[in-house]
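Novice: Quick one, structure for this:
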Amino acid sequence: MRPPIRLKADDYPRLAALWQAAGLPIKPNGRDSREAFERQLAGGTQTALGVETEDGQLVGAVLTTHDGRKGWINRLAVHPDYRRRGIAKALIAAAEDVLHRQGMDVIAALIEPDNTASLALFLEAGYVDWPGIHYVSKRTREDV
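Specialist: Prediction:
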């Protein structure tokens with residue numbers, strides 16, 4: 001495996017295919033659309049990182065964002081055929097590096113309750129599971 005690289009807007013088709021292969025839910029007409037991805041990258045607060053095989057296949061990816069005071073690790077995905085090889089750990093470390101260079105001292109990730117593998121991965125990477133925290137959201141549309 002190659003070390004993590006920055007992905008660009010042109011990498012969107014490969015990224016969307018990886019999300020699907022990894023089983024991540026996708027909002028193709030909303031926040032996960034190509035247009036949204038390009039806008040988010042251009043906005044300067046999102047960085048997309050990926051891991052490729054030696055022949056250039058995208059097998060892992062993560063998005064980082066921040067709000068100026070807290071960094072977020074989002075959409076961590078590893079192709080099922082390439083799991084348990086350290087790719088997710090490398091992506092978390094690369095995401096942390098990006099966010100620290102952007103001045104973020106607090107980094108967080110939201111993990112779905114049934115995703116025990118991701119929770120274990122982040123706990124192993126030194127993250128703390130805060131009991132009693134609830135995620136709430138208000139959306140303008142269901143597909144965003």
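Novice: okay, how far is it across stretch 50-70, tip to tip?
Specialist: Counting by C-alpha to C-alpha, to the nearest Å, the length from the leading to the trailing residue of stretch 50-70 is 22 Å.
Novice: Poorly predicted segments of this protein, please.
Specialist: 144 (pLDDT under 70).
Novice: so where do the helices sit in it?
Specialist: Across the chain, reading from the start of the chain, the helices by DSSP state H fall at 12-22, 34-42, 87-101, 116-124.
Novice: what would these look like in JSON lines with mean neighbour count?
Specialist: Any C-beta I mention is one placed from the backbone N, CA and C, and that applies to glycine too. Shown next, in JSON lines, are the helices of the chain (neighbours: other C-beta atoms under 10 Å):
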{"stretch": "helix 12-22", "mean neighbour count": "17"}
{"stretch": "helix 34-42", "mean neighbour count": "15"}
{"stretch": "helix 87-101", "mean neighbour count": "18"}
{"stretch": "helix 116-124", "mean neighbour count": "14"}
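Novice: right, and these - which one's nearest residue 61?
Specialist: With respect to residue 61, and counting by C-beta to C-beta, the nearest of those is helix 12-22 at 5.6 Å.
Novice: CA atoms only for that closest one - export them in CSV, please.
Specialist: Below are the C-alpha coordinates for helix 12-22, written out as CSV (Å, rounded to 0.1, in the frame of the first residue of the first chain):
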residue,chain,number,x,y,z
TYR,A,12,-15.1,11.6,-6.8
PRO,A,13,-16.2,8.6,-8.9
ARG,A,14,-13.6,6.4,-7.2
LEU,A,15,-14.5,7.7,-3.8
ALA,A,16,-18.2,7.1,-4.3
ALA,A,17,-17.5,3.6,-5.5
LEU,A,18,-15.4,2.9,-2.4
TRP,A,19,-18.2,4.2,-0.1
GLN,A,20,-20.6,1.8,-1.8
ALA,A,21,-18.2,-1.1,-1.6
ALA,A,22,-17.5,-0.4,2.0
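Novice: Output the contacting helices and strands for that helix.
Specialist: With contacts taken as 3 or more C-beta pairs under 8 Å, 6 or more residues apart in numbering; DSSP states H and E, helix 12-22 sits against helix 34-42, strand 46-52, strand 58-66, strand 71-78.
Novice: now the end-to-end length of stretch 99-107.
Specialist: Using C-alpha to C-alpha, the two ends of stretch 99-107 sit 8 Å apart.
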